[in-house]
Structures are given as structure tokens and as C-alpha cells.
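Q: Need a 3D model of the sequence below.
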Amino acid sequence: MKRTKVLVYACLSAVALLLLAGCLGPWRYETWDHRLPPEQLARQQFESHKADFFRFATLLRKDQSAKYVGSDGKVDIDGIQGRLVPEYRDLVHKIGAKFVDIREDGSMEFALWGHGGAIMSDSYMGVRYYPKDHSRGPVGWKQTVVASLDAEKLPQEHGSVASGLYVVEIEPEWFIYRFEYQE
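A: Modelled structure (predicted):
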């Protein structure tokens, strides 16, 4: 009888821990501090692979159908159709990008670090190409030029960096960017 009682308590404790983990797990993941690297690391990545970034931007400017390039070199054309481009795959790997977003205004974000998702906040850092001859069409997020991308030096909202696209210029048309979107 005593043995059965201990077994029941052990099982109930295990079930309670699983339920607690199931409830707190998503919250903990959402609030876990996903640290982005220092801005200097992004500068070094750009300087080390400048020719590759320039080549990639040149190719994407010519490829008017590309809207997104994944880490595997697959180009998303319209959310349904896609195609694999081996040269894009090679360039993504050379520069160390997770993905590349090509905006309607002609700007491009080469995401090097970060995380995000449909039901959680987004936080990315990388290199942004913003051509002088960009179109005046839909922009999406307007970039805000700042002196530093350090979290402490950016606008704050509810104890974290406020939603926005923050950039530091590294040379004409090229920026280190930090994108924050708080759910």
C-alpha cells in the first residue's frame, strides 16, 4: 500500500511538471534573451565579404521576380512559386546569411543573425542595401538612422527595444541593420 502511494505521488508530480513545462515553455522561449552580436561583428562580416555582398545585390537587382532567398538558395517569387538558384545558394553561404529579403522599394536585408516567427517577436541583425535610386513604392518599415545599434542606445518600449528598423551607415547605400518587432 505504501509503495503504491509513493508511485501515485511520483506520477502526479511528473504529470504536474510536464503541465508546468508545457505552460511555461512557450512563455520562456518568448522571453528568453536572444542576444544579437555586437555591431562590430556585422561590420567585420561585411568587410570580409564585401565583394560577395556587392555581387549578390547586383544579381538580385536584375532578378525582378525574387522577393526572398532562403539559406538553401531557393527564391520565393510570390509565396507559392519558387526556384532554386545555385549561385544564390553559394553567395548566401559565403556571406553567412540566414536569408535575404528583397523589398518592393529595391532595398535588401541580408539577415546574418536573429530569430522570429509568426506568433513571437522578431529580432534580426545583418547588412542592408538601400540603393540611392530606390523606388517610392511601398516601403514597409522605414529605416531610422542611429549612432549605434546597442540595445541600450535604441528607443525602448516595455523594457525592450521598440519595434523598428534601425540602421548605421557603413558606406553609401550599405548599412548594418537591426530589425525589432515586438508582439
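Q: most centrally placed residue in the chain?
A: Centroid-nearest residue in the chain: Y124, 3.3 Å away (criterion: C-alpha atoms, centre = their mean).
Q: and G126, what helix or strand is that in?
A: Using DSSP states H and E, G126 sits within strand 120-129.
Q: can you list contacts of the following helix or strand past that strand?
A: Following strand 120-129 in sequence order, the next helix or strand is strand 143-145 (DSSP H and E). Applying C-beta atoms under 8 Å, 6 or more residues apart in numbering, the contact partners of strand 143-145 are S107, R128, Y130, G164, L165, Y166, V167, V168, E169, F175, Y177. For the C-beta atoms, the positions are set from N, CA and C on the backbone; glycine is no exception.
Q: One more pass at 7 Å, please.
A: Residues from elsewhere that reach strand 143-145 (C-beta atoms under 7 Å, 6 or more residues apart in numbering): Y130, G164, L165, Y166, V167, E169.
Q: which among these end up buried?
A: Among those, those classed as buried by 16 or more other C-beta atoms under 10 Å are Y130, G164, L165, Y166, V167.
Q: Please produce CSV containing the residues you listed, extended by secondary structure.
A: Listed next are those as CSV, based on DSSP: H, G, I helix; E, B strand; the rest coil:
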residue, secondary structure
Y130, coil
G164, strand
L165, strand
Y166, strand
V167, strand
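Q: Let me have those residues in CSV, extended by distance to V145 and pLDDT.
A: Listed next are these as CSV, based on distance: C-beta to C-beta, whole Å; pLDDT from 0 to 100:
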residue, distance to V145, pLDDT
Y130, 10, 94
G164, 11, 94
L165, 10, 95
Y166, 8, 97
V167, 6, 97
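Q: from those, which is closest to M120?
A: Using C-beta to C-beta, G164 is the member of the buried ones among the contacts of strand 143-145 that lies nearest M120, at 17.2 Å.
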